[in-house]
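Peer 1: no FASTA, just this:
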């Protein structure tokens, strides 16, 4: 049988191991799936060739031909050229065999397999996504800390069960959001550390008996270290690697969706705490009054997709060791879509929050009129009359019921009314002065009095803000080093190629 | 209205804030839900009372009465007494008011709320579960490392796509499992660190204006530190805390289920690699031949429940800040069931694996007969004939197809057959000696030759085993400190109570 | 070996097929899992014995002994006696062998297996749950239709994107809920029809060669028909049966949760459309003003559990045919918990909705003040001035923006303002009269004008209500027949037993 | 302000209701999302214009201009032209205003809204997908029934818990698959019936006060009927419509994945029951022996995505009525991807199954050697020696344990060995003849004896096959009518347009 390298169809061609050609749709899927990490496969092809030459496993002149060939793809665009040659894991080899012949191009794959190709390719792509995602998390943290600084005096009610709870400040809430994101950085950077480990040279779970230099390949690809167990290196994608990453992104997204829900609710005319900038809003084709906060609805949709992604990931990877291989692509495609949406939404929140029109008077109004500070009226009774907490609380509870029945609000409370409530609870009148009552029910005073560690008083918010800022600086530095390491490895790889090309010239 | 403390029905009784009594079923639910953390609420009640006395917020003699009352519950059993008093967050106060009157019992709750009660109670219970779970993870790691030591020479095939891939050893696979569990420890201990933070004094997201000593309460309850932002402290349960923990347990369980699937498959008569001890097996009521590995099926069921728990958790907690409160109990109940099942299954695997009958000859037989080492026949061609890797690989692929067509196995390969394959691929005969062919196809040699970092050769397995062992020792120490800290805080709490009782006596 | 029937440990006892005893925890699990369908297993034991006697496969006197034995369990309580004998599928046989000896008790199981025992037991339990669940769905439909009758004039705004959309009536919304539930009945009754099919006699996917009368057993157990393919009968539980049922319940619960969310939102002081009865509400231990609608939060939690149940079900049943057996119990336990919660919540909604305090003036106020009828101002321009719809809509959109900028509401619109808006949109003044403007913006008129099929006008609501009522009657009849069939089969079974006992006496 | 229709940017343009332009990414998303149903929106635009003219709500000449305009898009391609004009729900209006001016194009939207546009568009697209999906289900049913006919004598073991259970035939199993698919047709066609209902004219939950002819629009679009409640029509997408459809597809996919798992397992060299055609297989880049059944792995991945889609759908649609609008697109995109994958996989299975190489001797070998018929040896003891079933079963269980211990197989059983087992169980020797033993253990006889209704005997398989075939014919007819109705409505629409154009000419 005469075979021409120029029309080489790949090692799975009909008539070698198998008789029939692969279903075209299966080939198409294999190609499309690698599209997001063709650039990473390309880097691996180059790094592997460099290492083979450096270790004497490939003659320098053959290595130079291969590397020249790979570089030649870069003019036109790596993705385009590789997709033209079928895409998929072996698009580099395919291109090289077709253009340089099997005697040259057929030497690239020594000591590698689809196993390390996909692990390295996916891990690089996943690592790079995590780097941009954590950068966006940090950016949002920075935005929140800045915004908090201007809102330590913006009093609004907190909510539990959807009902007005106690007064806090907008700054206090924003700082709690920043605290959550601090943990998200920690989780996502943990994923980064676990994923940025080199499987190159691990082949199909057992490595090879060709004396590769795994550390060198890892270094040229920006990995932090090499996997110590080749089975773990290849299997990790189907045990804990992707389930871990999908979960961590979903946890982050869950919080973003919660805050989106807050802002959507606050944008209703009934609550009216904020006005979201017009550019995030749509209107209706028939209801001219409409101002729909559509940008934030996207955040919620993305979070729902992230949860579906978690389920697809776990479920797709079920079964004995090594069974689920192609199945994981259904998870990966989803995961990367979700990462992209999440990046978009972190960006949107970073843009939207500082542009938010905060309706501080309305916030104060609700806090003042809806009894948010009632707790402190009970507190005043404890202090002034040494009532047990529970007794004081029940007396005020009776008071509020009476007010409700009589259509009265916090401003209508009088010492007499309070005494009536006390008597109804079986206590003597408590005879609290009107000034004490009014002070107790004032939400601004309520907040200012909460100087306890963790509280919403302005000074305490400043303290928390600084703590969060210090940690943000630390995390930005951690992230900066990681980015720098990846960037410098790319430069190192090109230098190594230059050296081989020069010596072969 | 005359009210008798002896029949105190709690602060939500009809006729105070609300007119109707609560639906009995809602009361029952509230009680049942706290059952798993009543012990933690009890500790918090004690610690809070101690702190109030120490800070002068409660007269020592009142504090002593309260503490005496709380201790009196311990004779009969905290859970039983509290459930008799309705269970739920305020069962301590309820008991104290009923037995000591509202003037004493009604003073316990000063500066607290349901918010910090449930956060503290749930966090302690979750922390304690994570401690036993990580201990069981470490125990299984230890079992795996010991078992690996005896199986560095047990050759079996690896599998991808469910098909025989390349030879490895059982030790090599066990070490990959231990590597996975090392990461699980890391993830779960991360959850521990994030959850073991005190919300006591954070009340309803804003703390209180009574000058509590939050650090003291935290210390008496074994927390590592206090939450710095009270909103975050209370909201964390509905942002990232439970979603994080549910995910981490599901990730661990996913791996356990995968290994269970391996062992179930290996226990079939068709594969026949292992015999699981009888005590994990059932038989059939009609098929007397049956030997069903039911114990491992439980592991898989538990993992599926863990995934459902993740979904319930994320989904139950959706919505604006502070909306989902009772909803989270549907997630928590599931989470704790899942933790219990997972603990059971870690224990079962730790018992089952060393008791496994490993059928090493059958493993070797499959590796030898199913062409697992074919890669190295291609490698031999590369070395002996300087064929490009791809060419060598394709020649062997043709060879195997010919053997398949002719009903021949690896032992039937001759130099002539290999030459025929080469010619069919358009190459001259490669003239490899029969000894080289046989050596290449020998799975034992295959494994021994893989001494590359990460490989399955015995020496390399030993190296990896030691690395894993060193980290296990470190993690056991980390865990030991955490356990010790919790234990000593409990002692400290009792001492503080003794001191108050003594001084009040 | 001497074996005493009195201490018979079951066919899986140590020393028969297997050497070791089963792990106690595995035995405990097997027992606990059957608890919810022990009554169904008991019925199957009786029906099977009856059929064996009737078909001459069991001597009448032996059959009478068995049936007498089974009936004797009923005095003390079937569940209790069976659990004392280990519970599980074979607790009937176990009891009979222990009390009557193996020579009698050992004859019960002829022509059956664990396969049909669990299929029959689970299907009966699932069928019975579906019957009560669909009855509760119908009850809620009835409640909604009654409530709708009294609210055809209660005008409130609809919402899209969380923002005020167009006026409708409360009746109109309630009728849409009833329409949804009509489909839920259809789906759930479809599950009933698919599940109420007899697997008795299908043994382990292939039936038996003893000439059973499958139709007779089915008839005695209230099944509609027998499975036509024994493999399908036994496998259905792991293919589509449980996934189908879990999904159908989750779909129903999803709607209930949505309506719970509506009512919770409407109960906030900011929206204030309804007041939920006190018995569904709690208050706070520190915030005396609180009125938390906790009953409805449970509905949402239950719906989240239902979604987790769907995931657990699909995921637990993954894998090749016949692999997942014990795994399914993790799904079943969840499914039945979810069914119980859903039944509770259907009941709660049926109680709560008629007891709801509907604040019709507040509803009208929001509809009137928040431009809900703005569409019809555009419509008025179309009619009066023959403007294209889009032009009219845009003119009103400009108008509303101007009002927003100037702090004006719908009552402040004047012909001049409308003309200004028109000119700003590049049109001549439209010169609409103030009466026309006011009429257009009146939500009551808006609703009354919507007499188009499907619209909220009172007459149209009545028409829809009647349609829904007719279908409800039909569905109640369908359900009634099913309930009746099950009940009469139970009577027929007892009669058949009586006949055998009589003839043997 | 001068506005040129030629550059009309849509009703949400800056300077009308809102000041800022929409974020470009939000516009892009809105466009992309409608791409799959632009053809349906186009049909609705046409049908709506026809109905407006017919009802006298639009002058015939204006209607003719609009319809001419819409038809003009069809030359170049509806999707292309509409995407060029921004895509999205209002791309028809946008195009018409730009090309015909606002005075003409602005008249299209009378009495419609984004609400019915998206409901109609999505429902048509969903309906059309369900039609092709159910057709593919029927095609696979036909394939299974044909294949079953040739395999009524192909004996193989059934499996439970992954272990050999009892003999059946391949036909018997295929018929169980066809039974499952019969139910899938029922479920999916139920979705079709529920989704093929017209929301046209329901606007934003309340219809309009322009006197539309809803029945006419429905008829022109191939809907079976109109929604009776406008709120239900628009809300259904977020209550039960999409959750129902996503679930039904996931239920179907679950079974397909299970069968894929069967075939993958059966393709392993260890089991070796079938050989999947080469075109569904890949090989490895380093392991030349590999034959990976990748085509079937895709089915499993698709099923995992379907489960994720269920979760995304339920989760995305959470929240109060009308809140989740854009969120649902995250569910829809997934749902339609899943439908496409499922269609692909139904096609693959229909192609693959008849092309499967069935290794009947190997199947028989496993059935014969692995004691699959042991049940009938117990049965023989019951018949020949009147042993109670349980006693007979236990005796055979002891026998098999003895054989296992002594390395004996079914062919080695002698009357003496059986007697030894009986004595070990405490019974006298049973003295069964060797011929009876051998007959009992013969899997072919085992299967032939199972003529009981539901059993695998050939005649019974034929009976079942015919039942299934009759129902298939019925379902094909049902589906054919639905397809025909949709097709004829399309013709009717074009005729109505022709009539308007003719009368206006």
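Peer 2: Looks like it arrived, so ask away. Bear in mind the structure is a predicted one, so any value in this text is a computation, not a measurement. Numbers count the residues shown, from 1 in each chain, chains lettered A, B, ... in the order given.

Peer 1: tell me the contacts of the residue of the stretch 1-150 of chain A at minimum distance from chain B?
Peer 2: Here the stretch 1-150 of chain A gets closest to chain B at one residue, residue A:106, 3.2 Å apart by Cβ to the nearest Cβ. Any C-beta I mention is one placed from the backbone N, CA and C, and that applies to glycine too. Shown in contact with residue A:106 (Cβ atoms under 8 Å, 6 or more residues apart in numbering or on different chains): A:93, A:97, B:388, B:389, B:390, B:391.

Peer 1: could you rerun that using 7 Å?
Peer 2: Taking Cβ atoms under 7 Å, 6 or more residues apart in numbering or on different chains as the contact definition, residue A:106 lies against A:97, B:388, B:389, B:390, B:391.

Peer 1: what do you get for residue A:204?
Peer 2: Applying Cβ under 7 Å, 6+ apart, one finds that residue A:204 lies in contact with A:113, A:115, A:234, B:158, B:160, B:165, B:166, D:286, D:287.

Peer 1: that's a helix at it, yeah?
Peer 2: No - using DSSP: H, G, I helix; E, B strand; the rest coil, the assignment for residue A:204 is coil, not a helix.

Peer 1: do you know how far it is from residue A:328?
Peer 2: Look at residue A:204 and residue A:328: by Cβ to Cβ, to the nearest Å, they are 16 Å apart.

Peer 1: for residue A:163, same thing?
Peer 2: Per Cβ to Cβ, residue A:163 is found 45 Å from residue A:328.

Peer 1: do you have the strands of the stretch 151-300 of chain A handy? List them.
Peer 2: Here the stretch 151-300 of chain A has its strands, by DSSP state E, counting those that start in this stretch, at A:155-160, A:163-169, A:197-198, A:225-226, A:274-275.

Peer 1: tell me what the third one is packed against?
Peer 2: Read it as strand A:197-198. Contacts defined by 3 or more Cβ pairs under 7 Å, 6 or more residues apart in numbering or on different chains; DSSP states H and E place strand A:197-198 against helix A:214-220, strand A:225-226.

Peer 1: apply 10 Å and report the result again.
Peer 2: Helices and strands touching strand A:197-198, as assessed by 3 or more Cβ pairs under 10 Å, 6 or more residues apart in numbering or on different chains; DSSP states H and E, comprise helix A:114-150, helix A:214-220, strand A:225-226, helix A:230-235.

Peer 1: tell me the buried residues in the longest one?
Peer 2: Right, helix A:114-150. For helix A:114-150, the buried set under the neighbour-count rule, 16 or more other Cβ atoms under 10 Å in any protein chain shown, comprises A:114-131, A:133-138, A:140-145, A:147-148.

Peer 1: does residue A:408 really touch residue A:417, like I thought?
Peer 2: Yes - the criterion here is Cβ atoms under 10 Å, and residue A:408 meets it with residue A:417 at 7.6 Å.

Peer 1: what's the overlap in contacts for these two?
Peer 2: Common neighbours of residue A:408 and residue A:417 (criterion: Cβ atoms under 10 Å, 6 or more residues apart in numbering or on different chains): A:399, A:402.

Peer 1: need the strands of the stretch 151-300 of chain A in CSV (columns: mean pLDDT).
Peer 2: Putting the strands of the stretch 151-300 of chain A into CSV (pLDDT from 0 to 100) gives the following:
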stretch, mean pLDDT
strand A:155-160, 98
strand A:163-169, 98
strand A:197-198, 98
strand A:225-226, 98
strand A:274-275, 98
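
Peer 1: so which of those strands gets nearest residue B:63?
Peer 2: With distances scored as Cβ to Cβ, the stretch of the strands of the stretch 151-300 of chain A nearest to residue B:63 is strand A:163-169 (26.3 Å).

Peer 1: touching chain D at all, that closest one?
Peer 2: No - shown here: strand A:163-169 not in contact with chain D (Cβ under 10 Å from any Cβ of the partner chain), separated by at least 15.2 Å.

Peer 1: do stretch A:107-122 as well
Peer 2: Yes - judged by Cβ under 10 Å from any Cβ, stretch A:107-122 and chain D are in contact via A:109, A:110, A:111, A:112, A:113, A:114, A:115, A:116, A:117.

Peer 1: measure that stretch end to end?
Peer 2: In stretch A:107-122, first residue to last residue: 23 Å (Cα to Cα, to the nearest Å).

Peer 1: could you pull up the mean pLDDT of that stretch?
Peer 2: If you average the pLDDT over stretch A:107-122, you get 97.

Peer 1: pLDDT weak spots in chain A?
Peer 2: A:1-3 (pLDDT under 70).

Peer 1: that concludes my questions; thank you for your assistance.
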